[in-house]
Every structure is written in structure tokens, then in C-alpha cells.
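**Student:** the following block contains a protein sequence and its predicted model.
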Amino acid sequence: MKMKLVAGNSAGTVTAYSLSSKGETWDEIDFEFLGNVTGQPYVLHTNVFTGGKGNREMQFYLWFDPTADFHTYTVLWNPLNIIFLVDGIPIRVFKNNEAHGVAYPKSQPMKIYSSLWEADDWATQGGRVKMDWTNAPFSAFYMSFNYVDCCSRTSVWNWVTCNANSNSWMWTTLNPNQVGQMKWVQDDYMIYNYCTDYKRFPQGLPTECNLG
């Protein structure tokens, strides 16, 4: 999806682009853009939910002004990993570590959702900066949605069948160049990583944080 975010004083707003299933034990993959006061950077908030449980937040600043032009935000979700990309550059990978007891979203179909909503109790500087409604209306823009799928339903009643072609994105992981790109983003632009938040997890970090 190409997106251009709320310009000017966007404090208190969240522009979201996500995949999600339904029910109490839902799966979800999130891009959420937390607004800020004029001149201060947006925060790109990412998360992965499995079986209704998330707490896997990673947050980033962007290396460009996301309100000045359209930029492309991509989720690649396959049996091996979930890759978050910005303008084709990977910023985060959540690997399938089911072999180590880590839940992975794979059994629930997800729909695509987008929204622009008020969240000034937490979105901007931990809720210290509230939404200024005198700036309304707040507008974000979407274009050029592209859905690439190697899986298809034969009918609404039948399970999904997938192309097992070894060249399919069904089996895509990061190549060495992309690993270097992601390291650059995480070294220079990542501002929060749940896997380094020892205060939040005093009994020990989540299992996946200690896996390669």
C-alpha cells in the first residue's frame, strides 16, 4: 500500500494499515503510524498478534517525511517469516519459531484493514500531547494497493491451497543485502524493541528474543 500521512500537527492520531482475523483469539500484523506535533517525527509502530496475544512491539522513526509524499509499506507473510518493509527496505522480521514453542500466525485467514483514529491517551509522547481538534479534519491518503497472493480458495467452503513452487514468495526470506539494510534501519532508526525491554519482562524476555 502507498500511503501519505496526516500533515502538520497530527498529535493524538493513529493511521493504521493492518492484517487481522476476528474473534477472541485473533491474529494480527500491524503498521501503525503515531502522529506528532508539527516538526516532530512520526513513530512507526509495528506489532504481531497470535491467538489474541501481542506485546511484540517494535517502533521506528522514518528516514523521510511520510507526510510529504507517498511511500510504500509492505507486509510479506509466509510460513517462514513475516517481513515488514518500507519502500522495499526490510525493517523487521518475525520468524516462525514454532519449533521452539513460539506461536506463529498461520491458521486464520486475515483481512486487510485501514483506519485513522483518535488515540491521544497514548499515541503521542506517551499521551502527554493531546489531539488539537482545531486542526480537523485530519486526512491520510492511500493509493496503489497491490495484493500479491500465491494462495487461493477454490470456494468459500474449501481450505486454501498454495503454490509450493520453490521460487514462490511462499518461501521468501531475507537475502544478505536485505539483512544489511535491516541492520542499518534498526541501528539508526529503531527507538523501541520489546526484545530489549527487561523492565517489561522481569521474568525473562520472550523466547523468540533469544533465538537467532
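**Tutor:** Perfect, thanks for sending it.
**Student:** so what's the residue count around residue 111?
**Tutor:** 9 (other C-beta atoms under 10 Å). For every residue, glycine as well, the C-beta is placed using N, CA and C.
**Student:** run through the bridge partners of it.
**Tutor:** Beta-bridge partners recorded for residue 111 (DSSP bridges): residue 20.
**Student:** measure the residue lying closest to residue 138 once chain neighbours are set aside to residue 61 for me?
**Tutor:** Among residues not flanking residue 138 along the chain, residue 6 sits closest, at 4.9 Å (C-beta to C-beta, 6 or more residues apart in numbering). Using C-beta to C-beta, to the nearest Å, residue 6 is found at 16 Å from residue 61.
**Student:** more crowded one of these two?
**Tutor:** residue 6 (23 against 14).
**Student:** and that one, what does it touch?
**Tutor:** Residues near residue 6 by C-beta atoms under 8 Å, 6 or more residues apart in numbering: 13, 15, 35, 67, 116, 138, 139, 140.
**Student:** show the pLDDT at it.
**Tutor:** Predicted confidence (pLDDT) for residue 6: 97.
**Student:** relative to residue 94, how far out is it?
**Tutor:** Using C-beta to C-beta, residue 6 is found at 27 Å from residue 94.
**Student:** what do you get for residue 169?
**Tutor:** 16 Å.
**Student:** do the same with residue 105
**Tutor:** 9 Å.
**Student:** neighbours around residue 135, how many?
**Tutor:** Neighbour tally, residue 135, other C-beta under 10 Å: 16.
**Student:** contacts only, for the residue lying closest to it once chain neighbours are set aside.
**Tutor:** In space, and not counting its chain neighbours, residue 135 is closest to residue 9: 5.1 Å by C-beta to C-beta, 6+ apart. Going by C-beta under 8 Å, 6+ apart, residue 9 touches 35, 37, 38, 132, 135.
**Student:** cross the residues you listed against strands and list the overlap.
**Tutor:** Using DSSP state E, no member of those sits in strands.
**Student:** highest neighbour count among the residues you listed?
**Tutor:** residue 35 (29 neighbours).
**Student:** quick one: it and residue 8 touch, right?
**Tutor:** No. Taking contacts as C-beta atoms under 8 Å, residue 35 lies outside contact range of residue 8: 9.4 Å.
**Student:** check what contacts stretch 121-131 and list those residues.
**Tutor:** Residues outside stretch 121-131 that contact it (C-beta under 8 Å, 6+ apart): 11, 12, 13, 14, 34, 35, 36, 37, 118, 120.
**Student:** which of those are buried?
**Tutor:** Buried members of these, scored by 16 or more other C-beta atoms under 10 Å, are 11, 12, 13, 14, 34, 35, 36, 120.
**Student:** how about those in CSV, adding distance to residue 179 and pLDDT?
**Tutor:** CSV is the format used below for these (distance: C-beta to C-beta, whole Å; pLDDT from 0 to 100):
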residue, distance to residue 179, pLDDT
11, 35, 97
12, 36, 97
13, 33, 98
14, 30, 98
34, 27, 98
35, 31, 97
36, 30, 96
120, 37, 92
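**Student:** what is the nearest of these to residue 205?
**Tutor:** Lowest distance from residue 205 to the buried ones among the contacts of stretch 121-131 (C-beta to C-beta) belongs to residue 34, with 23.8 Å.
**Student:** what about the closest residue to residue 84 other than its chain neighbours, neighbour count?
**Tutor:** When the adjacent residues along the chain are set aside, residue 84 lies closest to residue 92, with 4.3 Å between them (C-beta to C-beta, 6+ apart). Neighbourhood size, residue 92 [other C-beta under 10 Å]: 20.
**Student:** great, nothing more from me.
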